[in-house]
Structure formats: C-alpha cells, structure tokens
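Engineer: Here you go, sequence then predicted model.
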Amino acid sequence: MINFIKKLKLKKFLLIEIFLLIFIIILYHLYKQIFLSIFDESFARDFQWQPAKCLFNGINHYSSYLLKDGKCPQFMEQNGEYAHGLYVLLYPFTILEWSKAKFFWSLVNIILVFTISLVLSKKFKLSNLEILLVIFFILYSKVTSTNIFQGQQTILILFFLILPFINNSKYSYIFSGISFFKYNIGYALFLLYLVSKKFKNLLYSLIPLIVGFISYCYISNTKFNVALLQPIQLVLEINTTMRSTFLFSFIKNFLPFEGTKNLILIFIFTLIFNLLFLYKISKIKDQLLKLSCLCILILFSTPHYGHDYILLIPLLIYSVKIYKKSSFLSRFNFLVSIYFLHFYNLVPYLLFKYKIFNSAYVELVILLGVLILNLETHRYKKNKNFIK
C-alpha cells in the first residue's frame, strides 16, 4: 500500500516536471521571437515613451498635441491621452534611448503578467499543477504577446487594479488608484468604491491621481487650471469617431448630434448601466468572482481593442478555482476566457465573411451573457444557502 502511494506521488511529480518542461520550451520559442522583433520598427509602438520624454524635457505634451505645434513630436501611435500620472510614472524609461526603453518595458510587462497570474492563483488557493496550467494559458496567449509586442499599458493597469481584491490594506487602496490613469479601465474601480460606500478607500485611491497631476504641472511648468482637463480634451479629440465598438456605441446611429454631444449622451447611458451592475457586483463576497465580474463589465462597457482582453485573467483563474463545485459554470467561464485570450475576433470574422448579420456586437453579447450568468448563479447559490 505504501509503495502504491509512493508510485502515485512519483507519477504526479513526474507529470508536473514534464508539463513544466513543455511549458518552458514553448514559451522560449514564443518570447525568443518577441525579443528578436524588438528591432522591428513597429515594436512597442503604443508605449507612451515619447509623451513622457517630452514631459521630462519640460514640455506639456497635451498642449502640444492639442495645438499641433510640433514641440512634442508625434511618434508612432503614442497619442498621450492618458492621465498625467502615467507619464510621471514612466520617468525611468525616459532616461534610456528608445531601443533600450522598449526592451525594458517589454521585460516589465512579462514580469507583471507572470506576477498577476501567480499572485491571484496563490491567493485563491490553486494547486501547483493548476497554477502551471493557468500561467501557461496566460503567457502563451495571443493577447499577452500582443500587449508585449505593441507596448501596451493594460498589464500595468491590471496589476494595480487587482490590489484591493488580494490585500485589504491602506497601501493597496492607494496604489489601486494608478489604475485610474487608463480611464476606460480604472473608472469601474472608482465607481465600485462609490457604490460600495467605501469613501475612505475612494479617497486613498485618488492620491496617485492628485500626486501625478501636481507633479506633471510642476515638471512642465503648467498652471493647474490649464492642465486639469487637458487629458479629457485630448481623449475627446482623438475618439470623436469612436472607431472601436462597445455596448452603447450603436446609439450614435440614432442620435441627431455629432462629435462631443454624442459622446456625452453615450457616457450617461453607460454610467447608468454600469451603476446598476456595479451595485450587484458590490454584494459579492468572493473577491475573485467580484474582480472577474468587474473586469468583464469593463470590457463591454467602454471602447477597447483586443489587447485589453488580458483583463480576463481573473475569470480564467476563477474558472479553475470552482471546477469541482460547479462543473457547468467553470467550464463555460474557462472556454470563454480561453476564446478571448487566444482566439478573439474569430467569430466576428467568420460572421462578417459569410455576411450573416452585423457581427460587431457578437463578442460583446458573449461577455454580457457571461457576466449575467455568473451574477445569477451567485445570487441563486446565496438564496439557496439562506433558505437552508
């Protein structure tokens, strides 16, 4: 009997070793290609290095881009539309030349996505084999490699977004405010604090915004009243056409207005919709489920491109965590998260190719369905436990 148990343990250990070896080989070939591409002209084209570089040369990049005066040159797709604090945060990279800065930025992204996956998996008690499986699916995903290749900020923002869900401390709430730097993601955490009536945590989370704003004004020698609304002005100027699809973007086809007025009305609809769902999300006790639902809500409520599906990491981990308790829900969550991490835009592409119907909202409807299913399952289980 003892020998049999020893054999079982040995087999399990051997399985982990084999899986780890395969994992390392595949990732080596994937990330070797990414680092070989670092000299590609389009590598890290979205990394906000140029606006940050302008800032630390004493130039207000918002003013320059709004006025189109050329003081801060347009560089690749670095439009500089995020909050002031992001450009202050990127200071260490501005010391480096572009080729070195983008290399280290890609390295930071790899470390952060690995850390997010590992910390969430450990926090919510996945086994070692489950952790390996989760990290493999995340690091090998199309979305992760896209974030690294394009130099996106979403992985950085997600890292700070998860902090209040894994650690209940003053510093977690303070640093979670860095997620506000990217408006189309951080806004949901801000509203969640508000809906949950955690006003103290909300005030803590505003510290990075305030410090970033004051620092930006001081470094660029800009008056507070001038700099305050410049990021919003730049966002509105860049996004008046609303190129990316989100839940209420279809409304623009029925409104008699154009440009900024359209955006304001759509913002109001989106805000009301989000507050209704955030109220339900705020009642969830399971922090991993709460984080997963928050990220899903973000993805279909505001404009996003494919790289932002990295926000489905918590849903993937949650699906693995509950697979013993809820086979259907766990498998459904797992398949949806794998689809968006590895095959996003496949269904719309097929539907568009065969011209079945307007396919722009297919993936948004899928995400909305996932959110409703998880919220309703949670509500049903909660009521069932109450009856017992």
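Structural biologist: Received the coordinates, thanks.

Engineer: so how far is residue 290 from residue 277?
Structural biologist: From residue 277 across to residue 290, the span is 12 Å (Cβ to Cβ, to the nearest Å). Any C-beta I mention is one placed from the backbone N, CA and C, and that applies to glycine too.

Engineer: ok, the closest residue in space to residue 215 that isn't next to it in sequence - how many residues close by?
Structural biologist: Leaving aside its sequence neighbours, residue 215 sits nearest to residue 88 (Cβ to Cβ, 6 or more residues apart in numbering; 4.6 Å). Other residues lying near residue 88 total 21 when counted by other Cβ atoms under 10 Å.

Engineer: surely residue 88 meets residue 214?
Structural biologist: No: the pair residue 88 / residue 214 is not scored as a contact, 9.4 Å apart, by Cβ atoms under 8 Å.

Engineer: Please verify my assumption that residue 278 contacts residue 193.
Structural biologist: No: contact between residue 278 and residue 193 fails when scored by Cβ under 8 Å: they sit 9.8 Å apart.

Engineer: which of those two has more neighbours?
Structural biologist: The neighbour comparison of residue 278 against residue 193 (other Cβ under 10 Å) goes to residue 193, with 24 against 21.

Engineer: Name the helix or strand for that one, please.
Structural biologist: If you go by DSSP states H and E, residue 193 is part of helix 183-195.

Engineer: got it, and residue 270?
Structural biologist: Using DSSP H and E, residue 270 sits in helix 260-282.

Engineer: From residue 146, how far out is residue 42?
Structural biologist: Residue 42 sits at a distance of 12 Å from residue 146 (criterion: Cβ to Cβ).

Engineer: Which one's more surrounded, these two?
Structural biologist: With neighbours defined as other Cβ under 10 Å, residue 42 and residue 146 compare such that residue 146 has more, 18 against 12.

Engineer: Next, count neighbours for residue 222.
Structural biologist: If we define neighbours as other Cβ under 10 Å, then residue 222 has 20 of them.

Engineer: what kind of secondary structure is it in?
Structural biologist: Under DSSP: H, G, I helix; E, B strand; the rest coil, residue 222 falls in the coil class.

Engineer: In contact with the residue nearest to residue 215: list those residues for me.
Structural biologist: Applying Cβ atoms under 8 Å, 6 or more residues apart in numbering to residue 88 gives the contacts 52, 55, 211, 212, 215, 216, 219.

Engineer: How about residue 196, nearest residue that isn't a chain neighbour?
Structural biologist: Distances taken as Cβ to Cβ, 6+ apart place residue 282 nearest to residue 196, at 4.4 Å, with adjacent residues excluded.

Engineer: I figured residue 361 was touching residue 245, is that so?
Structural biologist: Yes: using Cβ under 8 Å, residue 361 is in contact with residue 245, at 6.6 Å.

Engineer: right, and the helix or strand after the helix or strand of the chain with the lowest mean pLDDT?
Structural biologist: Lowest by mean pLDDT, DSSP states H and E among the helices and strands of the chain is helix 2-36, with a mean of 62. Reading on from helix 2-36 to the C-terminus, the next helix or strand found by DSSP H and E is helix 49-55.

Engineer: What number of residues are in the vicinity of residue 28?
Structural biologist: Using other Cβ under 10 Å, residue 28 has 10 other residues around it.

Engineer: Likewise for residue 373?
Structural biologist: By other Cβ under 10 Å, the residues close to residue 373 number 15.

Engineer: if I look at it, how far off is residue 300?
Structural biologist: Taken as Cβ to Cβ, the span from residue 373 to residue 300 is 14 Å.

Engineer: One more: residue 235?
Structural biologist: According to Cβ to Cβ, residue 235 stands 19 Å off from residue 300.

Engineer: Which one of the two is surrounded by more residues?
Structural biologist: The neighbour comparison of residue 235 against residue 300 (other Cβ under 10 Å) goes to residue 300, with 21 against 17.

Engineer: Go ahead and confirm that one touches residue 368.
Structural biologist: Yes: assessed by Cβ under 8 Å, residue 300 is found in contact with residue 368 at 5.7 Å.

Engineer: Can you work out which residues contact both of these two?
Structural biologist: By Cβ under 8 Å, 6+ apart, the residues touching both residue 300 and residue 368 are residue 247.

Engineer: Specify the local secondary structure of the closest residue to residue 237 other than its chain neighbours.
Structural biologist: Residue nearest to residue 237 in three dimensions, not counting chain neighbours: residue 66, with 6.8 Å by Cβ to Cβ, 6+ apart. Assigned by three-state DSSP, the conformation of residue 66 is helix.

Engineer: Any idea how many residues pack against residue 66?
Structural biologist: Counted with other Cβ under 10 Å, the neighbours of residue 66 add up to 14.

Engineer: ok, now residue 341?
Structural biologist: By the criterion of other Cβ under 10 Å, residue 341 has 21 neighbours.

Engineer: Now for residue 331: which residues touch it?
Structural biologist: Contacts for residue 331 (Cβ under 8 Å, 6+ apart) come out as 319, 323.

Engineer: Same question for residue 363.
Structural biologist: By Cβ under 8 Å, 6+ apart, the contact set of residue 363 is 340, 344, 345, 347, 348.

Engineer: In JSON lines, list those residues along with neighbour count.
Structural biologist: JSON lines is the format used below for the contacts of residue 363 (neighbours: other Cβ atoms under 10 Å):
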{"residue": "340", "neighbour count": "28"}
{"residue": "344", "neighbour count": "21"}
{"residue": "345", "neighbour count": "16"}
{"residue": "347", "neighbour count": "14"}
{"residue": "348", "neighbour count": "17"}
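
Engineer: For those residues, give me JSON lines that also has secondary structure.
Structural biologist: Below are the contacts of residue 363 laid out as JSON lines (three-state DSSP):
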{"residue": "340", "secondary structure": "helix"}
{"residue": "344", "secondary structure": "coil"}
{"residue": "345", "secondary structure": "coil"}
{"residue": "347", "secondary structure": "helix"}
{"residue": "348", "secondary structure": "helix"}
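
Engineer: Output those residues as CSV; include the columns pLDDT and distance to residue 318.
Structural biologist: Converted to CSV, these look like this (pLDDT from 0 to 100; distance: Cβ to Cβ, whole Å):
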residue, pLDDT, distance to residue 318
340, 93, 14
344, 82, 19
345, 77, 23
347, 73, 22
348, 71, 25
